[in-house]
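In: sequence and predicted model, in that order:
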Amino acid sequence: MKKTLIVVDMQKDFIDGVLGTKEALAIVDRVKEKIALYEKDGHEIIFTRDTHQTDYMSTNEGKYLPVEHCIEGSEGWMIWDGLEIPDAKVVDKPTFGYLGWKDYNFEEVELVGLCTDICVVSNALIIKALYPEIKVSVDASCCAGVTPKSHEAALLTMQMCQVEIIGQ
């Protein structure tokens, strides 16, 4: 069975940059270990990258989250040093959830990354809606939310929508 690991938005701005948190920093090593396991077993690995332009503050998201972040080409937009691997796909997404998942032939998907309560939950639910019969899981120990409370709320939401929560 083809397994896919989706590493959501493990970018500098979300780890130790303008939107960084101690919880995000704390998961980096576990995410790196998870990537290494998938790579060792020859499974597919896809990174998503939150990608905004210099007009971010005038966008709808910029009005609700008025913190310029992940501007394409900036240091904060880069995937955290040491996580990227050769031959992994990178998907640039201009919003919380990537709508191109419909073009993949997923058989089993696991998601890790940031932020549990925004981009991880959005992508997990999109994938589950597109592929209702496959196993979709999220490793809670390899995710962090904006706050610990919103992280837990997102995990519960995903669980209620038949996304398996592991690593708790």
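Out: Good, I have the coordinates.
In: from now on I want contacts and neighbour counts done on CA atoms only, so please keep to that.
Out: Will do.
In: and Lys2, its phi and psi?
Out: For Lys2, the backbone dihedrals (degrees, to the nearest 10) come out as phi -80, psi 120.
In: tell me how many other residues crowd the residue nearest to it when sequence neighbours are not counted.
Out: Nearest-residue entry for Lys2: Glu107, 5.7 Å, with adjacent residues in sequence omitted and distances by C-alpha to C-alpha, 6 or more residues apart in numbering. Neighbour count of Glu107, defined by other C-alpha atoms under 10 Å: 14.
In: wait, isn't Glu107 in contact with Glu44?
Out: No: counting by C-alpha atoms under 8 Å, Glu107 sits too far from Glu44 to count as a contact (10.8 Å).
In: what is in contact with these two at once?
Out: Shared contacts of Glu107 and Glu44, defined by C-alpha atoms under 8 Å, 6 or more residues apart in numbering, comprise Lys2, Lys3, Thr4.
In: from Leu125, how far off is Pro132?
Out: Using C-alpha to C-alpha, to the nearest Å, we find Pro132 at a distance of 10 Å from Leu125.
In: so which of the two has more stuff around it?
Out: Each of Pro132 and Leu125 has its neighbours counted (other C-alpha under 10 Å); Leu125 has more, 20 against 14.
In: contacts only, for the residue nearest to Lys2.
Out: If you count contacts by C-alpha under 8 Å, 6+ apart, Glu107 has them with Met1, Lys2, Lys3, Thr4, Ile134, Lys135.
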